[in-house]
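Participant: The following block contains a protein sequence and its predicted model.
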Amino acid sequence: MELAIQEIAQAGAMHVEPAFIRGYIDFEEGMFTSTNASRLRAMAETAGLGIKAVSAHLDLSGPEAVDELSRRINFAGALGASFLITNAGPMTKRAGIRRAIDAVLPRLEQSGVTLALENPGHGRGDLLGNARMGAGFVREIGSRQVCLNHDAGNVFTYSHEATQPAEDIGAAIDTIGHAHLKGVVSRDAGWTFCALGNGAVDYLKYWRMLPPALPVSIEMPLRLERPQHRDPQRRNTPVDMPTIRAALQESLRFVNALEAARNSAM
């Protein structure tokens with residue numbers, strides 16, 4: 001983590017989003033403590049980075065969802081993060097997901113953390129299968145502490161390339177509080193991930209639709225692959241640092257170019 005934070009700072013980023021996602025990394029529930037959060041926050045601040053969001057996914061329909069979500073909210077608050085990002089769960093368990101969120105609303109309000117529900121990148125039958133579905137759920141909850149995290153790359157892969165993110169987001173703009181950007185390379189053999197601007201996801205149209213002040217994070221799961229467009233798999237060997245460094249710098253340049261183009265058109 002320390003090396004990652006140093007590299008992100010040296011690339012010219014202003015913030016870092018720590019991510020705890022099973023399949024990406026291995027972690028235990030016991031690591032979501034205020035002590036660990038303080039250590040991670042200090043590490044980021046030493047590098048000159050802020051933390052606006054943390055991803056710590058779980059299935060909100062699970063039997064331990066309220067306890068797990070509560071730990072994550074406290075962790076996000078101790079990090080100084082404004083957003084806690086997680087998936088929701090299957091549509092068939094909508095009522096249980098809603099109960100879990102309702103149970104932690106007082107904790108969210110007290111901590112000032114906003115729960116940002118993210119659309120999935122794989123599977124079927126998810127509660128947040130598209131932005132319209134997610135927006136309806138968030139509006140039903142009716143709390144300023146619950147919004148959507150719109151993952152543009154996930155829109156593309158979950159729909160099996162049928163939908164670009166700009167086509168998805170229009171019905172949900174008022175409910176989106178945060179966004180994730182990741183590049184997806186599409187081949188007959190499956191999907192891999194890449195620097196922003198090099199893949200099949202259309203970010204030019206998407207960026208023009210995002211509210212100018214919306215916080216966004218670049219997500220680069222370069223070690224993951226999706227053979228035959230199936231669920232993500234983590235390769236056994238890590239990606240070398242020069243490749244990671246180049247992809248990060250290229251992605252930052254791409255986002256800065258998108259922003260410059262939008263500003264010049266205003």
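Facilitator: Received it, and whenever you're ready, just let me know what you need.
Participant: When you work out contacts or count neighbours from here on, use the C-alpha atoms and nothing else.
Facilitator: Will do.
Participant: so how far is stretch 34-49 from its chain's centroid?
Facilitator: The chain centroid and the centroid of stretch 34-49 are separated by 20 Å under CA atoms, centre = their mean, to the nearest Å.
Participant: tell me which residues of it are tucked away?
Facilitator: Going by neighbour count (16 or more other CA atoms under 10 Å), the buried part of stretch 34-49 is 34, 37, 40-41, 43-44, 47-49.
Participant: out of these, which are inside strands?
Facilitator: Of the positions in the buried residues of stretch 34-49, not one sits in strands, assigned by DSSP state E.
Participant: Turn those residues into a markdown table, columns for distance to residue 212 and pLDDT.
Facilitator: Converted to a markdown table, the buried residues of stretch 34-49 look like this (distance: CA to CA, whole Å; pLDDT from 0 to 100):
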| residue | distance to residue 212 | pLDDT |
| --- | --- | --- |
| 34 | 33 | 95 |
| 37 | 30 | 98 |
| 40 | 29 | 97 |
| 41 | 27 | 98 |
| 43 | 29 | 98 |
| 44 | 25 | 98 |
| 47 | 26 | 98 |
| 48 | 24 | 98 |
| 49 | 21 | 98 |
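Participant: Return the subset of the residues you listed lying in helices.
Facilitator: Counting by DSSP state H, the part of the buried residues of stretch 34-49 found in helices is 34, 37, 40-41, 43-44.
Participant: what about the longest helix in this protein?
Facilitator: Longest helix in the chain, counting by DSSP H: helix 241-265.
Participant: Helices along the chain, start to end?
Facilitator: With helices called from DSSP H, the chain shows them at 2-10, 34-46, 65-79, 94-111, 131-141, 152-158, 165-169, 203-209, 241-265.
Participant: Check those helices for me and report the most buried one.
Facilitator: Greatest average neighbour count among these goes to helix 152-158 (a mean of 24), per mean count of other CA atoms under 10 Å.
Participant: Need the contact partners of that helix.
Facilitator: With contacts defined as CA atoms under 8 Å, 6 or more residues apart in numbering, helix 152-158 is touched by 119-124, 129-130, 162-165, 168, 179-184, 201.
Participant: Just the buried residues of the residues you listed.
Facilitator: Listed as buried from these are 119-122, 129-130, 163-165, 168, 179-184, 201; burial here means 16+ other CA under 10 Å.
Participant: list the contacts for residue 71?
Facilitator: Residue 71 sits in contact with 32-33, where contact means CA under 8 Å, 6+ apart.
Participant: Local confidence estimate at it?
Facilitator: Reading off the confidence values, residue 71 has pLDDT 97.
Participant: Give me the distance between it and residue 45.
Facilitator: Look at residue 71 and residue 45: by CA to CA, to the nearest Å, they are 22 Å apart.
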